[in-house]
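Participant: the following comprises the amino acid sequence and a computationally predicted model.
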Amino acid sequence: MGAITLKAVEKWYGDIQVIKGVDLEIADGEFVVFVGPSGCGKSTLLRMIGGLEDISRGTLDIDGRDVTSEPPSKRGLAMVFQSYALYPHMSVRDNMGFSLKTAGAPKDEIAAKVNAAAAVLKLEPYLDRRPKDLSGGQRQRVAIGRSIVRDPTAFLFDEPLSNLDAALRVEMRYEIAKLHQSLKSTMIYVTHDQVEAMTLADRIVVLEFGKIAQVGTPRELYERPANTFVAQFIGSPKMNLLPCETAGKTYSLPGGRGGTCAVTAPATQLGIRPEHITLGTPGHGQCDGTVDIVEYLGADSFVVVECGALGKLTVRITGDTDLHPGDGVGLGFEATALNFFGTDGLRV
């Protein structure tokens, strides 16, 4: 079992509050990702769950048991850090089994658990090597294996892929996703990379200045962001935000034309994803603009269009395009993909 519940959790450093009343329930076996910009409190919150930081106020329950004041060793959690923290003089086998050895486990039990973890992580050929003889991805798998042998209640990952190059990050994302499928254990994962969050998570917790901005599945956060912060943090490229006015079930754009909408409450900003904008001839669609730059990425191209009072809008199109900087275009918005936000930045 690995259900984790945070109730009104706060963290204070003197007079400075960095975690501001977080309420969160994580189900047994769920993969939850904490994501947000640097300084938002995501690593601090993870360390509070792990017991490496004290909880100033509020309570933490694991499987219905209050562990707020218990030390890390009593919580049954395993943590994987950004740094591999492997013993350089020990073999992979000894590194993975070290925590069991210090706990006084029998040699046969240690060997069985190390071999089982090595099979899951495809580390059998490397068990007698030392860390210096491994690649970065292999070292991170050893660090994960060291946690697996402990059979923890939940795994806590603190930006485990930050030290890897781009190709290894993609490979290790796949390995961690497969690991969760096979172990079916609760996993909490901290990252600043929203691509990692989108590809790994059952649910994403977006943090902003120590508060939860929104919790939901990757699809919910992408399609229905709760506020403009989430709208522009989740998604690459980020959601376009335009000034607008609404009246009844219509909206209008300064310097543009507008159209119909599904909201009746007042809104001051319209949000639309780059892939929900189509390019045509000037005079058609919701507004006109001039191509500023074309970014060719292979299968896709990103076209940045200067739209006067509406600012620069990013449009995602197929990679094959004849557009060039300076070309005039009309931009059409998909009516079913519009998001509206009020003056407070909250979704209307």
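Facilitator: That came in fine, so what should we check first?

Participant: and the gap between the residue most central in space within the chain and residue 338?
Facilitator: Central residue of the chain (C-alpha atoms, centre = their mean): residue 197, 2.6 Å from the mean position. According to C-beta to C-beta, to the nearest Å, residue 197 and residue 338 sit 24 Å apart. The way it works is simple: take the backbone N, C-alpha and C, and place the C-beta from them, glycine included.

Participant: and residue 321, by the same measure?
Facilitator: In terms of C-beta to C-beta, residue 321 sits 24 Å off from residue 338.

Participant: just the terminal-to-terminal distance for stretch 186-206.
Facilitator: 18 Å (C-alpha to C-alpha, to the nearest Å).

Participant: just the helices in this structure please.
Facilitator: 42-50, 92-102, 107-121, 136-148, 166-183, 194-200, 218-223, 228-233 (DSSP state H).

Participant: quick one: closest of those helices to residue 293.
Facilitator: Among the helices of the chain, the nearest to residue 293 by C-beta to C-beta is helix 228-233 (19.5 Å).

Participant: mind giving me the packing neighbours of the closest one?
Facilitator: strand 203-208, strand 211-216, strand 240-243, strand 269-272, strand 339-341 (3 or more C-beta pairs under 8 Å, 6 or more residues apart in numbering; DSSP states H and E).

Participant: let's see 6 Å
Facilitator: strand 211-216 (3 or more C-beta pairs under 6 Å, 6 or more residues apart in numbering; DSSP states H and E).

Participant: what comes up buried for the strand it packs on?
Facilitator: Neighbour-count burial for strand 211-216, counted by 16 or more other C-beta atoms under 10 Å, picks out 212, 213, 214, 215, 216.

Participant: closest to residue 246 among the residues you listed?
Facilitator: residue 214 (22.5 Å).

Participant: pretty sure that closest one contacts residue 226?
Facilitator: Yes - contact criterion C-beta atoms under 6 Å: residue 214 and residue 226 qualify, at 4.1 Å.

Participant: neighbours of residue 102, how many?
Facilitator: Residue 102 is flanked by 8 other residues according to other C-beta atoms under 10 Å.

Participant: quick one, what contacts it?
Facilitator: Not one residue lies near residue 102 by C-beta atoms under 6 Å, 6 or more residues apart in numbering.

Participant: again, but for residue 128
Facilitator: residue 91.

Participant: mind doing that once more with 10 Å?
Facilitator: Counting by C-beta atoms under 10 Å, 6 or more residues apart in numbering, residue 128 touches 91, 92, 93, 94.

Participant: try residue 193
Facilitator: So residue 193 contacts 33, 35, 159, 161, 162, 169, 173, 199, 200, 236 (C-beta under 10 Å, 6+ apart).

Participant: tell me the buried residues within those residues.
Facilitator: By 16+ other C-beta under 10 Å, these give 33, 35, 159, 161, 169, 173, 200 as buried.

Participant: can you give the domain ranges for the chain?
Facilitator: If you go by automatic domain parsing, the domain ranges for the chain are 4-232, 237-341.
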